[in-house]
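1. Dropping the sequence and predicted coords here.
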Amino acid sequence: MAVVARDLRLIVRLRIWNRNWHYHSFRFRWLSLLAVYILLVSGIGGMGFILQLKLRYIVILCLCGGLGLMIVFSWMMVFQRNQHVFTQFTTLVLHLCSHFKISSKTVLALNNTKSVLDDEFQATIDDAIAHLHAGETYRLSFDSFPSHFTFYSLVKLMEAVEVFGNDNLQAGLGIIEHDVDDWIDDTYDFVQQLIRFKNRVIVLCVMGLVVALISQRMLSGVVDITHMRLYQDIVFTHLMVTIICLIYGHRVLRHEWISNKECL
Amino acid sequence: MSRLLIVLCLVFLFQKGTDVLNYLKEEQLERMCGVIGQNSQSKTQKRKVEMMVLISVMLVMDPSLMPIWLLLVIAIYKLRYFQVKRQYLRLKKQLSFEFPIWLRLIQGLLPYNTVVRSLVLSVDFAPVLIQEPLRQLIVRLEADPLQLSHYEAFMKEFEDTQIERAMKHLYRYNFAGFVDAGRQLDQMVKSTSKWLRITRRERNETAMGAYQWLGIVPMVSVTIIFIVLMFQVIVSTMERGWLA
């Protein structure tokens, strides 16, 4: 519950619904995503009328579409939050590397990094600095950050430099920076794949609707089947399956950006 | 007659059963059981007894179906192997994600520490799967740090060439000391970078695979709707009469 409240706070404070982003040629606009979903669900409702479904079936479809809208919206917010946390975290690691390269002092580097991060991460950094001042171990001090291996490599490196001096510091930080760059590239590539897959599902759903319409038109020319119970049930089921596929296709949005498998 | 048959079967199975089972037993089973932490022997013995009883009972029920019963029994026996293999492969996959991450930590520690010291410092951060073998390796290396066989024996049961390669890198780094340390470390870092990216992409592909089935659902649904409606039209047309 506390996590949900924290996420909601983050969503509202950062006005995540206003955040659109680009990565190379890929553009993410959450409003377009939502508009496409609403358009498709409306289209399915309209298709119910064209296919001469009974009103109660159309109402059920619209209700399910409306429920789906809420689910899809919440997944979009999760997606935006994940993207925000990922961006903040990678910025933290890269900036910390740069500042530590200059000063070779952990607390100073942390203080200098704070300015580029949001309130949430700033509070976490303050917490870590307080622990370091209290003489806690590095492991314990940085425990409240995401435990991604690049970050812990950096923590170990900072600890070693503070103890043994800054020989080989450049090489060590170079490895971490390189890893973070690779991680960012791989993550955005994966997110693009996920969004493309979602779009493919949408295209297939539309194709399914078109084929269903053509079939109905073709077969109605032979016999009027629209009044039959079986026709009503099967067309309703198909439209319902399409709505479920549309909703489930958006599930890719809730995929984690900082994979647990890469955390220590 | 049937009782005699049972007795003869049981005598045969008690005498030759072990040979038959040894012949059937997969060589990898013991090794895989060791990796996943299961005692294969007790379960295999239990399975032997189950098989003997099963064959005897089945023979009495219907001797003519002997080949089918035998196949069934072999399948039951093999089931255990497949269960173990599935668990083993899952662990192996987990290791393929976790090992390069742990190796990256080691590489971060190496410029400031010896190999053995770096291994010791990495224990707390090491993934759970690696921790126990790592502790064993540290104990062996502390006794004899320049022994290649200690590095080679690390997680050998997984038969992973990447792990073997990485451990040989560590050995060479330890052996070469500061003479060739920079170049050795660079080489190791490059190799691990590639490894990390490959495992990350594989993991992403697996994650994508979990959604792929969704793509065929709308098509299957529309195919069903078309077939059912077609059938309905044919039935209606026949009810009305073809010439109507």
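-> Nice, thanks for sending it over. Numbers count the residues shown, from 1 in each chain, chains lettered A, B, ... in the order given.
2. ok, longest helix in the chain?
-> No chain specified, so I'll use chain A. Counting residues, the longest helix found in chain A (DSSP state H) is helix A:169-220.
3. wrong one, I was asking about chain B
-> In chain B, assigned by DSSP H, the helix with the most residues is helix B:66-109.
4. For the helix or strand just after that helix, output the C-alpha coordinates as CSV.
-> Using DSSP states H and E, the helix or strand that follows helix B:66-109 in sequence is helix B:115-122. The C-alpha trace of helix B:115-122 is given here as CSV (Å, rounded to 0.1, in the frame of the first residue of the first chain):
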residue,chain,number,x,y,z
VAL,B,115,42.4,-12.2,-7.2
VAL,B,116,41.8,-14.1,-3.9
ARG,B,117,41.1,-10.9,-2.0
SER,B,118,38.7,-9.8,-4.7
LEU,B,119,36.9,-13.1,-4.5
VAL,B,120,36.6,-12.8,-0.7
LEU,B,121,35.2,-9.2,-1.0
SER,B,122,32.7,-10.3,-3.6
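5. Grab the most central residue of chain B for me.
-> residue B:89 (1.7 Å; Cα atoms, centre = their mean).
6. So in chain A, where's the weakest helix or strand by average pLDDT?
-> The weakest-scoring helix or strand in chain A, judged by mean pLDDT, DSSP states H and E, is helix A:2-13 (a mean of 67).
7. Give me the below-cutoff pLDDT ranges for chain A.
-> A:1-4, A:6-7, A:10-11, A:14, A:16-18 (pLDDT under 70).
8. OK, now which residue of the stretch 1-150 of chain A is nearest to chain B?
-> Among all residues of the stretch 1-150 of chain A, residue A:149 sits closest to chain B, at 4.4 Å; criterion: Cβ to the nearest Cβ. In short, each C-beta sits where N, CA and C put it, glycine included.
9. Tell me who's in contact with the nearest residue to that residue once chain neighbours are set aside.
-> Spatial nearest neighbour of residue A:149, chain neighbours left out: residue B:101 (4.4 Å); criterion: Cβ to Cβ, 6 or more residues apart in numbering or on different chains. Residues near residue B:101 by Cβ atoms under 8 Å, 6 or more residues apart in numbering or on different chains: A:149, A:262, A:264, B:127, B:196.
10. For the first one, grab the count of nearby residues.
-> So the one you mean is residue A:149. The number of residues packed near residue A:149 is 25, by other Cβ atoms under 10 Å in any protein chain shown.
11. residues touching it, list them.
-> A:262-264, B:101, B:104-105.
12. can you put those residues in JSON lines and add distance to residue A:169?
-> Putting those into JSON lines (distance: Cβ to Cβ, whole Å) gives the following:
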{"residue": "A:262", "distance to residue A:169": "24"}
{"residue": "A:263", "distance to residue A:169": "25"}
{"residue": "A:264", "distance to residue A:169": "22"}
{"residue": "B:101", "distance to residue A:169": "22"}
{"residue": "B:104", "distance to residue A:169": "17"}
{"residue": "B:105", "distance to residue A:169": "17"}
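13. out of those, which one sits closest to residue B:114?
-> Checking those against residue B:114 by Cβ to Cβ gives residue B:105 as the nearest, at 15.3 Å.
14. is it true that that closest one touches residue A:153?
-> Yes - with contact defined as Cβ atoms under 8 Å, residue B:105 reaches residue A:153; the gap is 5.6 Å.
15. between these two, who's got more neighbours?
-> Ranked by neighbour count (other Cβ under 10 Å), residue B:105 and residue A:153 place residue A:153 first, with 26 against 22.
16. Leaving out chain neighbours, which residue sits closest to that one?
-> The nearest residue in space to residue A:153 (Cβ to Cβ, 6+ apart) is residue B:108, at 4.3 Å.
17. Which pLDDT value does the model give that neighbour?
-> Note for residue B:108: predicted pLDDT of 80.
18. and it, how many neighbours?
-> Neighbour count of residue B:108, defined by other Cβ under 10 Å: 30.
19. One more: residue B:146?
-> Neighbours of residue B:146 using other Cβ under 10 Å come to 10.
20. Then residue B:187?
-> By the criterion of other Cβ under 10 Å, residue B:187 has 14 neighbours.
21. again, but for residue A:255
-> Residue A:255, neighbours per other Cβ under 10 Å, totals 19.
22. Next, the contact list for the residue nearest to it when sequence neighbours are not counted, please.
-> Nearest residue to residue A:255, sequence neighbours excluded (Cβ to Cβ, 6+ apart): residue A:194, at 6.0 Å. Contacts for residue A:194 (Cβ under 8 Å, 6+ apart) come out as A:252-253, A:255, B:208, B:211.
23. Relative to residue B:34, how far out is residue A:194?
-> Distance of residue A:194 to residue B:34, given as Cβ to Cβ, to the nearest Å: 39 Å.
24. Verify the stated contact: residue B:197 with residue A:182.
-> Yes - counting by Cβ under 8 Å, residue A:182 is a contact partner of residue B:197 at 5.7 Å.
25. can you pull out the helices in chain B?
-> Under DSSP H, chain B gives helices at B:2-24, B:28-36, B:40-61, B:66-109, B:115-122, B:128-143, B:148-153, B:161-176, B:181-212, B:217-240.
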